[in-house]
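# Test case, fold it:
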Amino acid sequence: MIDTRRLRTLRAVADHGTVTAAAAALHLTPSAVSQQLVALEHEVGHRLFVRDGRGVRLTAVGKIMLGHTNEVLAQLERAEAEVAAYSSGEAGEVTVACFATAISAVLSPAITSLRAAAPGLQVRVRDAEGDQSLTMLLDGEADVAIAVEYRGGPDVTDRRLHRLPLYAEPFDLVLPEGHALAAAPLSAFGEQTWIGPYPGNPVHDVIAFACEQAGFTPRFAHCSDDFRAVVALVGAGAGVALVPRLALRDMALSGVTVSGVTVSDVTMSSVTAPGVTVHHVPGPERRVFAAVRRGADSHPLLRPLLDTLREIAGSLGSSDTSGRTGETIRDGYARAIPMTSANRS
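Predicted coordinates:
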C-alpha cells in the first residue's frame, strides 16, 4: 500500500523542482524528503526522479505517478469534505492566501459578513502576491487562494484546483494633473516616462503587454510594487502609470488625472472630481478568482466563505447574469466599478 504522505512529497518535489525547496514547503528537512522519495520508489519499483542540473526532474514513470497522485489527493479532499459535512462543520479555521488589493476589496468585507452569518468560522489571512497564493494552496499552507490572471499573461489554469470567478478589474491610466494627453488613447503614450512595479511582478507584465498591444514598449524610469508610491510619483510629475482600479479606490488622488481604462464596449461618460478627471479608453484588465484544491469546494467550512466572496464580488459591478456584452461578464466575472466622484469619497 502506497503511503499518501509520500505522494504529497512526490507532488511537492515535482512542483518546486528541488528537494530543498519541497522540504521548505512541506516543513520537513531535505533528508526527510529524500527518505520519503526513496521509500516511494521502493514501493513503486521504479526511479521517479533523476538529477537535472541543481534540481531534479520526473522520469516517465514519475510522470505517470504524478498524474495518479493528483487524482488520489483530489479524491481525499472530497472524502474529507463529506466527513466534515457529516460532522456539521459549523466551527473551524480557514486560512486564506490573498493579495493586498483583494484583501481590501472582497476578503475583509467577507470576514465582516461571516462574523454574523457563521460565527464559528475563523478566517486567517496571509498576504501573498502574484501566484504565491496558489503555491501556498497546493502546498497545504492555505485552504483558499485569491489570485489573479491577466489578459495576455501566463495561463494559471491547474487541473488540481477548483476555481471560482470573482471580478474583472480594469486598469486606470494615472497622469499628472493637467497632462496634455489626458483624453488620449493608450497608443499616444509611447514617448512618456513610465512608473510601475518591478519586473517579475505580474502587474509589470500586464502593463508591458498592454503597451505593446498599443504599439510601443514602455520606458520605466521609476519602480515600486506599492501602488500608493506609484501614484505619489505620478502626482510629483515623475511620469505616468497604469494602476488596477480598486487599488485607487481609497487613495488621495489630489494632483493627478485618472483615465478609466476598460476592455468592453460598455460606454461610461467622463466625470470630474476635485483634482481628478476620469476618461475611458481601451486597455487591459486583471481577473480575480478564488481557488481551492479540487474536491474541497463543498467542504462546509469553505462553502460559506466562497459564497460570501462571490456575493461581495458581485456587488463591485455588473452581475455575470446581466446579459451585457463583454468577455468578463460571459466568463462569470463581475466587473469592478468605474472610478467616479461618488465612489471616491
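# contacting residues for the residue nearest to Val13 when sequence neighbours are not counted?
The shortest distance from Val13 to any non-neighbouring residue, by C-beta to C-beta, 6 or more residues apart in numbering, is to Ala22 (4.3 Å). For the C-beta atoms, the positions are set from N, CA and C on the backbone; glycine is no exception. If you count contacts by C-beta atoms under 8 Å, 6 or more residues apart in numbering, Ala22 has them with Thr9, Ala12, Val13, Asp15, His16, Val33.
# Out of those residues, list just those in helices.
Thr9, Ala12, Val13, Asp15, His16, Val33 (DSSP state H).
# Would you check that the fifth one makes contact with Val33?
Right, His16. No. Using C-beta atoms under 8 Å, His16 makes no contact with Val33, being 10.0 Å away.
# For the stretch 51-200 of the chain, which segments count as helices?
60-86, 100-102, 108-117, 132-138 (DSSP state H, counting those that start in this stretch).
# any residues touching the shortest one, and which ones?
With C-beta under 8 Å, 6+ apart as the test, helix 100-102 has contacts from Asp127, Glu129, Ile146, Val148, Leu166, Phe227, Pro244, Leu246, Ala247, Val288.
# are any of those buried, and which?
Glu129, Ile146, Val148, Leu166, Phe227, Pro244, Leu246, Ala247, Val288 (16 or more other C-beta atoms under 10 Å).
# For the nearest residue to Val72 once chain neighbours are set aside, grab phi and psi.
Leaving aside its sequence neighbours, Val72 sits nearest to Leu7 (C-beta to C-beta, 6+ apart; 6.1 Å). Backbone torsions of Leu7, given as degrees, to the nearest 10, read phi -70, psi -40.
# separation between Leu7 and Asn70?
9 Å (C-beta to C-beta, to the nearest Å).
# Can you get me a residue count around Asn209?
Just to correct that, residue 209 is Phe rather than Asn. Burial of Phe209 is recorded as 15 neighbouring residues (other C-beta atoms under 10 Å).
# brain fart, Phe99
Phe99 has 24 nearby residues by other C-beta under 10 Å.
# Who are the contact partners of it?
Asp127, Ala128, Glu129, Gly130, Ser133, Ile146, Ala147, Val148.
# any idea how far the closest residue to the third one other than its chain neighbours is from Val203?
Distances taken as C-beta to C-beta, 6+ apart place Phe99 nearest to Glu129, at 5.1 Å, with adjacent residues excluded. In this structure, Phe99 lies at 10 Å from Val203, with C-beta to C-beta as the measure.
# Looking at the buried ones among the contacts of helix 100-102, spot the one nearest Ala188.
Of all the buried ones among the contacts of helix 100-102, Pro244 has the smallest distance to Ala188: 21.3 Å, by C-beta to C-beta.
# Leaving out sequence neighbours, find the closest residue to the closest one.
Excluding its sequence neighbours, the residue lying closest to Pro244 (C-beta to C-beta, 6+ apart) is Glu169, at 5.3 Å.
# Could I get the contacting residues of that neighbour?
Glu169 neighbours (C-beta under 8 Å, 6+ apart): Pro244, Arg245, Leu246, Glu285, Arg286, Arg287, Val288, Ala336.
# Going by distance to Pro300, which of those wins?
For those, the residue nearest Pro300 by C-beta to C-beta is Val288; the value is 24.3 Å.
# so that closest one touches Leu166, yeah?
Yes. Val288 lies in contact with Leu166 (C-beta under 8 Å); the separation is 4.7 Å.
# that older thread, more neighbours, His16 and Val33?
Higher neighbour count among His16 and Val33: Val33, with 24 against 20, using other C-beta under 10 Å.
# Assign the nearest residue to that one once chain neighbours are set aside to helix, strand or coil.
Closest residue to Val33 apart from its sequence neighbours, by C-beta to C-beta, 6+ apart: Ala23 at 4.5 Å. Assigned by DSSP: H, G, I helix; E, B strand; the rest coil, the conformation of Ala23 is helix.
# you'd agree Ala23 is up against Pro30?
Yes. Using C-beta under 8 Å, Ala23 is in contact with Pro30, at 4.5 Å.
# Settle it for me: which of these two has more neighbours?
Applying other C-beta under 10 Å to Ala23 and Pro30 shows that Ala23 carries more neighbours, namely 21 against 14.
# Any figure for the gap between that one and Ser31?
8 Å.
# before we move on, what about Leu175?
Separation of Leu175 from Ser31 (C-beta to C-beta) stands at 56 Å.
# do Arg163 as well
36 Å.
# go on, Val44?
Using C-beta to C-beta, one gets 20 Å for the distance from Val44 to Ser31.
# for Asp139, phi and psi?
Residue torsions, per degrees, to the nearest 10, at Asp139 are phi -80, psi 0.
# which residues of the stretch 151-300 of the chain score low on pLDDT?
151-156, 250, 252-257, 259-283 (pLDDT under 70).
# Kindly recompute the last result at 80.
Applying pLDDT under 80 to the stretch 151-300 of the chain flags the ranges 151-157, 183, 249-285.
# what ranges do the strands span in it?
Along the stretch 151-300 of the chain, counting by DSSP state E, counting those that start in this stretch, strands occupy 161-176, 193-196, 219-223, 241-244, 256-262, 271-273, 276-282, 285-293.
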